[in-house]
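Peer 1: can't give you the sequence, but here's the structure:
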């Protein structure tokens, strides 16, 4: 056996070893990927109901927010109406009430003055 034949034999053995190691590595990678896929499928199956529940809760919260916005708008409207009515009542009653209190105070002062004489 010559040196060239020995080198060819060593290269052939190294090539076959490399192919065997590559096949073993690919097989292990394939198993790992299958395990990963199974885990992802389980996770997906477990989280789907939770995601559906979260979506339903978010829809309910949006509806509740719309109702609260409507209620706040109505309260603002009522508040504006009450403010306008109170200003109107103040304007309408303040002048006559002040005059009536002035007449009452003047009458009381006059009555005291008459009693003292």
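Peer 2: Arrived safely. Here the structure is a predicted model, which is why all the values come from computation and not from measurement. Residues are numbered from 1 along each chain as shown.

Peer 1: off-centre distance for the host helix or strand of residue 112?
Peer 2: Using DSSP states H and E, residue 112 sits in helix 3-116. Put simply, helix 3-116 sits 1 Å off its chain's centre (C-alpha atoms, centre = their mean, to the nearest Å).

Peer 1: which helices and strands does it pack with?
Peer 2: When contacts are defined as 3 or more C-beta pairs under 8 Å, 6 or more residues apart in numbering; DSSP states H and E, helix 3-116 packs onto no helix or strand at all. C-beta: built from backbone N, CA, C; applies to glycine.

Peer 1: give me the number of residues near residue 72?
Peer 2: Using other C-beta atoms under 10 Å, residue 72 has 10 neighbouring residues.

Peer 1: again with residue 24
Peer 2: Neighbours around residue 24, by other C-beta under 10 Å: 10.

Peer 1: gap between it and residue 51?
Peer 2: In this view, residue 24 and residue 51 are 39 Å apart by C-beta to C-beta, to the nearest Å.

Peer 1: with residue 91 instead?
Peer 2: 59 Å.

Peer 1: repeat for residue 107
Peer 2: Residue 107 is 80 Å from residue 51, by C-beta to C-beta.

Peer 1: do the same with residue 18
Peer 2: For residue 18, the distance to residue 51 (C-beta to C-beta) stands at 46 Å.

Peer 1: now residue 2
Peer 2: 70 Å.

Peer 1: neighbour count winner among these two?
Peer 2: residue 51 (10 against 7).

Peer 1: dump the residue contacts of residue 40.
Peer 2: Neighbour list for residue 40: empty [criterion: C-beta atoms under 8 Å, 6 or more residues apart in numbering].
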